[in-house]
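Undergrad: I'll drop the sequence and a predicted model, then ask my questions.
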Amino acid sequence: MISPKLLVLLVAVSCYGQSWEREEKTDPLRGTSQTQFTLRGKYLQAPRIQANREPLIVVRCAGGRFADAYIRAEAILDAEPQIGVLVKYRIDDGSKLIAQFWPRSTDFQAVFFKSNVLATFLAAHKIVVEVSEYLGSTVVMQFDVPSGVEVAESCGLVIHTEKKSAALVGAADSARVPPTTTPTNSGPFGLEFGMTREQIVKLVGQDAVKHLKDEPDDVLKLSTAPTPHPDFAEYSLIISPERGLVCITASGKAIQTTRYGEGLKAAFTEIRDALSRTYGAPTVTFDFLEPGSLRNEPQDWMTGLLKNERELISLWNFKIPYPKHITSIFLKATALSMDEGTLELTYPFEGFIEDANSKKAKAGSVF
C-alpha cells in the first residue's frame, strides 16, 4: 500500500521524448526520506517471455548523496556463480563496448551499479545495455538519456561542462581503476593462467585432489595450492580443454564472529587490503542491504548476510593488458550461521566468459 506521504513529481526536462520521473519517498516508521529517479527505456531485444513493462533505470539518493542505482529488466537474469551478472553496455554511438560484472537483486530481475557508472550514464545521450536471460537469449535495452542536472544535484554529483559530452564525477564515490602492470611474482596461489590439469596436479600432488561425485570434467578441487594462503581451505579451479586454467575460486576457512559481523568484516578488510597492495584499490566495494529489508539494525548484520539480503563484496575490474591475464577479482563475505562466516575469492582469467558461454550453448543445444 502506498503511503499517503509518497509524492510523485515529474521532472520538466525531457530529451528524445524521455524524462526522469522523480518520487519523494518518506518512511514514517524510521523518519527517513529518499529521492528516487526513474528513467524508462525500450527493448531492442525483448525477454523470451514478452515483458508487460519497459526496462527501467532507477537511481536513489538520500541526504543529498548517492544511495544506490539499478537497471531492471522484466526477466530472470543469468548470473555467474560468485561473480554476478555479466553486463555489457555502450555509451552513445561509436564508443567502445564495456563489459562488467554487477550484483544481482534478490528477485533476479535487476542489476546494481555504483555512482561512477551513473556519472557515465548521466553524461551520455544514449545507453544500450545487454544482459543474458536465464535459460534464454540476450536481452538488449536502450535508454535515451535526458538532462542529468537534477539527478546529479540530488545525488551529490558534480557536472563538468568543459567538454561537449559532460563528464560527471561522484562527489563521494569515484572508484579508482586498478593499475594493469603485472607484478613480478607468480599468479594467484602459485597458479598461472593456461596451466593444464596435469601441470597443477604435479605441483600439489595427487593427495591434494578432492574427488567429488558428479563433479564436472572441467573442475578440479584441491585441498591446497602451490602457494597456499593460511586463511583459505579449498581451491576450485576451472580448466578449459582449449585454454587451460581460466578461473580460480578460493574458499576460506570458517571465521568466528558476532551477530554484528565484526570478525568477518575484519577478515574481509585484511584480505581486501592485501589484494590492494598488489592490484590497487578495488574498483568498487559494496556493503549493501536490499531495499525494504527489515534487518537494518547493526545487530542484524549477520542475519541479513545469512538470508541473502545483505552483500559485502569488493570487485576489481581490469583493462587490457590484464595483470597476469586476470580480467577481474571478486572478494565476497558469506554467512555460514549467525556467528560464523567465510570468505570467497575468485579470479576469472581471459577466456573464462567465452568458455562459460560455450558450455551453456552446448547444454542448450540438446533442446
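TA: Cool, got the structure. Remember, it's a predicted structure, so these values are computed and weren't measured experimentally.
Undergrad: mind listing what the closest residue in space to residue 339 that isn't next to it in sequence touches?
TA: Distances taken as C-beta to C-beta, 6 or more residues apart in numbering place residue 257 nearest to residue 339, at 6.1 Å, with adjacent residues excluded. The way it works is simple: take the backbone N, C-alpha and C, and place the C-beta from them, glycine included. Contacts for residue 257 (C-beta atoms under 8 Å, 6 or more residues apart in numbering) come out as 263-265, 302, 339-341.
Undergrad: nearest to residue 278, of those residues?
TA: When those are ranked by distance to residue 278 (C-beta to C-beta), residue 265 comes first, at 21.1 Å.
Undergrad: tell me how many other residues surround the closest one.
TA: By the measure other C-beta atoms under 10 Å, the count of residues near residue 265 is 19.
Undergrad: and it, helix, strand or coil?
TA: Put simply, residue 265 is helix when judged by DSSP: H, G, I helix; E, B strand; the rest coil.
Undergrad: what sits against it?
TA: The neighbourhood of residue 265, defined by C-beta under 8 Å, 6+ apart, consists of 257, 312, 333.
Undergrad: what does the pLDDT read for it?
TA: Each residue has a pLDDT score; the one for residue 265 is 94.
Undergrad: what distance do you get for it to residue 312?
TA: Remark: distance between residue 265 and residue 312 (C-beta to C-beta, to the nearest Å) = 7 Å.
Undergrad: likewise for residue 227?
TA: Between residue 227 and residue 312 the computed distance is 26 Å (C-beta to C-beta).
Undergrad: so for those two, which sits in the more crowded spot?
TA: When residue 227 and residue 312 are compared on other C-beta under 10 Å, the one with more neighbours turns out to be residue 312, at 24 against 13.
Undergrad: doesn't residue 286 make contact with that one?
TA: Yes. In this structure residue 312 lies within contact range of residue 286 using C-beta atoms under 8 Å: 7.0 Å.
Undergrad: residues in contact with the host helix or strand of residue 302: which ones?
TA: Following DSSP states H and E, one finds residue 302 within helix 301-306. For helix 301-306, the external contacting residues (C-beta under 8 Å, 6+ apart) are 257-261, 264, 289-290, 293, 295-296, 310-312, 333-335, 337-339, 341.
Undergrad: in helices, which of these fall?
TA: Counted as lying in helices by DSSP state H, out of the contacts of helix 301-306, are residue 264.
Undergrad: among the contacts of helix 301-306, which ones are in strands?
TA: For the contacts of helix 301-306, membership in strands holds for 289, 310-312, 333-335, 337, 341, with DSSP state E as the criterion.
Undergrad: so where is the stretch 1-150 of the chain shaky, pLDDT-wise?
TA: Within the stretch 1-150 of the chain, the set of residues satisfying pLDDT under 70 comprises 1-18, 50-52, 82.
Undergrad: if we go to 80?
TA: Confidence mapping of the stretch 1-150 of the chain against pLDDT under 80 gives the ranges 1-18, 29-31, 48-52, 81-83, 94-95, 136.
Undergrad: residue ranges of the helices in it, please?
TA: In the stretch 1-150 of the chain, helices defined by DSSP state H, counting those that start in this stretch lie at 115-122, 149-154, listed in chain order.
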